[in-house]
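>>> Pasting the sequence and the predicted coordinates here, then a few questions.
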Amino acid sequence: MSILIVGGGDIGGTLAERLAWEGQDVVVVEASEARVAQLREAADVQVVHGNGSNPAVLRRAGLDDAEMIIAVTDSDEVNVVSCMAAAAESVIPTKIARVRDPDLAEAIPGIFGKDPLDLNINPEEEAAHTALKTLRVPGAVGIHDFAEGRVQVATFAIDQPCEAVGMPLRELKSERGIECNIVAISRDGQMLIPGGQAELRLGDLIYAAAAPAGLTAVAELLDKRAQEARRIVISGGGNVGYYLAKLLEAEEIAPKIIEPDPARCQYIAERLGPSLVLNGSGTDPELLREENIDQTDAFLALTDDDEDNILAALLAKSFGAFRVLALVNQLSYASLISAIGVDAVVSPNLAAVSAILHFIRKGKVVSVSSVGEQAAEALEVVALETSEIVGKPLAEAQFKDAVVGAIVRGDEVRIASGADVIEVGDHVVIFALRSAIPRLERQMMVQLRYF
């Protein structure tokens, strides 16, 4: 597939590197000369210097041959115009734009006609939803939803001695009755797909696939104490903090929001309901003490600054906040953050990458989540008649560096075992290392059209 990416920042650069590694034909359009030089050194992709909203630049980048344009610059307006210019200049099947302003996203159909974009990406809104889902699972570092929330893949850190340490994975179900699959273990910087004989170790980061009740049982086994999050403090009144506050208010929870910009404080206070907006900094120890941070169920650091978020989360934790979460856009931080005392992370950039991958995967892919610094993917795929693994036990499927975590058949959720047989129409949740994706596509999606 020939893919044109407008914007070589965090999202565009990550996508370009990922897709080029998979053998896709990728061209990046980037306006910054310094960033152009960085991209040419970091990724094996063609980079064109220029403004992606300029039709001449798009043609120079190969617009006529492109099957997809993905506009992910920091400017909503540039992203939308880039897609519209591409549509006007060429017949391009798929157009994706990063649009963070909800008012603009709502106005786009009226300006450009019905369904002008195949996907509007709002990474900040997606991050807010992810943060809320993470709060609902005790001790989870991160969470990914599949099958409309009936199956989840949760990340847990084994950061304290517990009865799970030294336990073979096969005993989770056979002796403990826990309905889950540990689909991957991150250990010593490597992502592993474990067998049933593998044992859990202190320091592991594990990925568990289960229905929500099964994840609660895993959390209990890991001694992750549950506490309903109702007293919530949000550091950062930007888009992520604002979206999360709106979600919480819909559940009749009124968070406190700490925001340093007085104008932004007034803006969000006028648009929120019972939430309390405070002018200040989430890294101010005196303010945290005044707001009784030691009685807080959850503290979420959601500013645009990764380092400030980590510092604020650690400060709140040291003052007694029960659970702390930090927003990070640098993916290299994600694997380190639990080791330094932050309970959970959320990444808008990773949310955007996952949404875009949905449009690129072959076959009938319902959703894709990129995990573990993009070392792996969790996918929900509808099994079609032409799939190689339909009609045979999973033990005979000969997966390599991939595992089926769960099978959803109608209203039934099955935590997969080697004896299970996938049927046509099943929704299959698969966890796969990055190296396994091309082979997995052939197994699950052979002879299928792009979807």
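Noted; the coordinates are in hand.
>>> Excluding residues flanking it in the chain, which one is nearest E89?
Leaving aside its chain neighbours, E89 sits nearest to P55 (5.0 Å; criterion: CB to CB, 6 or more residues apart in numbering). The C-beta positions use only the backbone N, C-alpha and C, and glycine is treated the same way.
>>> Please give me every residue in contact with the one you found.
Counting by CB atoms under 8 Å, 6 or more residues apart in numbering, P55 touches 63, 85, 88-89.
>>> And it, how close does it get to I69?
Distance, P55 to I69, by CB to CB, to the nearest Å: 12 Å.
>>> Mutual contacts of these two, please.
With CB under 8 Å, 6+ apart, P55 and I69 have common neighbours L63.
>>> Helices - which of the contacts of P55 land there?
Residues of the contacts of P55 located in helices (DSSP state H): 85, 88-89.
>>> Tell me the one of these nearest E199?
Relative to E199, the closest of the ones in helices among the contacts of P55 is A85; by CB to CB it sits at 55.8 Å.
>>> Okay, buried residues for whatever helix or strand V404 lives in please.
Per DSSP states H and E, V404 falls inside strand 402-409. Residues 402-408 are the ones in strand 402-409 that count as buried (16 or more other CB atoms under 10 Å).
>>> Same check on stretch 313-331?
For stretch 313-331, by 16+ other CB under 10 Å, it's 313-317, 319, 321-329, 331.
>>> Can you tell me which of the residues you listed is nearest E17?
Lowest distance from E17 to those (CB to CB) belongs to L331, with 11.0 Å.
>>> how about the closest residue to E33 other than its chain neighbours, what does it touch?
Counting by CB to CB, 6+ apart, E33 lies nearest to H49, which is 6.2 Å off, once chain neighbours are set aside. Residues counted as contacts of H49 (CB under 8 Å, 6+ apart) are 30-31, 33, 36.
>>> Of these, which is the nearest to K224?
Closest to K224 out of those is E30 (42.6 Å), distances taken as CB to CB.
>>> Kindly confirm whether my reading is correct that the closest one touches V47.
Yes: the pair E30 / V47 is scored as a contact, 6.1 Å apart, by CB atoms under 8 Å.
>>> Name the residue in the two with the higher neighbour count.
E30 (27 against 22; other CB atoms under 10 Å).
>>> Tell me what the more buried one is bridged to.
Beta-bridge pairing of E30 under DSSP bridges involves H49.
>>> roughly how far apart are it and R60?
According to CB to CB, E30 and R60 sit 13 Å apart.
>>> shared neighbours, the two?
Common contact partners of E30 and R60 (CB under 8 Å, 6+ apart): 48, 50.
>>> Now do the SS call for V368.
strand (DSSP: H, G, I helix; E, B strand; the rest coil).
>>> What's opposite it in the beta bridge?
In beta-bridge terms (that is, DSSP bridges), V368 pairs with L379.
>>> you'd agree it is up against L357?
Yes: the criterion here is CB under 8 Å, and V368 meets it with L357 at 4.2 Å.
>>> list residues touching both of these two?
In contact with both V368 and L357: E377, using CB under 8 Å, 6+ apart.
>>> Selection in ChimeraX covering whichever of the ones in helices among the contacts of P55 are buried, please.
Of those, the buried ones can be selected in ChimeraX as follows, counting by 16+ other CB under 10 Å:
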select :85
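>>> could I get the ones in helices among the contacts of P55 as TSV with pLDDT and distance to A378?
Conversion of the ones in helices among the contacts of P55 to TSV gives the following (pLDDT from 0 to 100; distance: CB to CB, whole Å):
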residue	pLDDT	distance to A378
A85	91	35
A88	88	37
E89	88	37
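>>> Between the ones in helices among the contacts of P55, which sits nearest E249?
Taking CB to CB as the measure, E249 lies nearest A85 of those, at 38.8 Å.
>>> I'd say that closest one and S53 touch.
Yes: judged on CB under 8 Å, A85 makes contact with S53 at a distance of 6.0 Å.
>>> Any chance you could list residues touching both of E30 and V47?
8, 36, 39.
>>> What count of nearby residues applies to the last one?
The burial count assigned to L39 is 22, neighbours taken as other CB under 10 Å.
>>> show me the contacts for it.
Residues near L39 by CB under 8 Å, 6+ apart: 8, 13, 16, 28, 30, 45, 47.
>>> do you know how far the first one is from G273?
Think G8. In terms of CB to CB, G8 sits 40 Å off from G273.
>>> Between the two, point out the one with more neighbours.
Applying other CB under 10 Å to G8 and G273 shows that G8 carries more neighbours, namely 30 against 11.
>>> Spatially nearest residue to that one (excluding sequence neighbours)?
Counting by CB to CB, 6+ apart, the residue nearest G8 is E30, at 3.7 Å.
>>> now could you export just the CA positions of stretch 36-51 as CSV?
Taking Å, rounded to 0.1, in the frame of the first residue of the first chain, the C-alpha atoms of stretch 36-51 are listed here in CSV:
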residue,chain,number,x,y,z
VAL,A,36,13.1,16.4,7.8
ALA,A,37,16.8,15.7,8.6
GLN,A,38,15.9,13.8,11.7
LEU,A,39,13.4,11.6,9.8
ARG,A,40,15.8,10.8,7.1
GLU,A,41,18.2,9.5,9.6
ALA,A,42,15.7,7.6,11.8
ALA,A,43,13.4,5.9,9.3
ASP,A,44,13.8,4.2,5.9
VAL,A,45,11.2,6.4,4.3
GLN,A,46,11.1,9.1,1.6
VAL,A,47,10.7,12.6,3.1
VAL,A,48,9.6,15.6,1.2
HIS,A,49,10.1,19.1,2.6
GLY,A,50,7.1,21.3,2.2
ASN,A,51,3.6,22.3,3.4
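>>> Tell me the first helix or strand C-terminal of the strand holding V404.
Next helix or strand after strand 402-409 toward the C-terminus (DSSP H and E): strand 412-415.
>>> Show residues contacting that next one.
Under the criterion CB under 8 Å, 6+ apart, residues 147, 150-151, 173, 179-181, 209-211, 214, 405-408, 420 lie in contact with strand 412-415.
>>> what is the mean pLDDT for it?
Strand 412-415 shows a mean pLDDT of 90.
>>> measure stretch 137-153 end to end?
Start-to-end span of stretch 137-153 (CA to CA, to the nearest Å) is 11 Å.
>>> now swap in stretch 142-153 and tell me
Distance across stretch 142-153, first residue to last, is 8 Å (CA to CA).
>>> Pull out the buried positions in it.
142-147, 150-153.
>>> Likewise for stretch 182-190?
Result for stretch 182-190 [16+ other CB under 10 Å]: buried residues 182-187.
>>> got the CA coordinates for it in PDB?
Provided in PDB are the C-alpha atoms of stretch 182-190 (Å, rounded to 0.1, in the frame of the first residue of the first chain):
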ATOM      1  CA  ILE A 182      -1.500 -14.000  30.100                       C
ATOM      2  CA  VAL A 183      -0.800 -13.200  26.500                       C
ATOM      3  CA  ALA A 184       2.600 -11.500  26.900                       C
ATOM      4  CA  ILE A 185       5.300 -10.800  29.500                       C
ATOM      5  CA  SER A 186       7.700  -7.800  29.300                       C
ATOM      6  CA  ARG A 187      10.800  -9.000  31.100                       C
ATOM      7  CA  ASP A 188      14.300  -7.400  31.100                       C
ATOM      8  CA  GLY A 189      13.400  -5.100  28.200                       C
ATOM      9  CA  GLN A 190      12.000  -8.000  26.000                       C
END
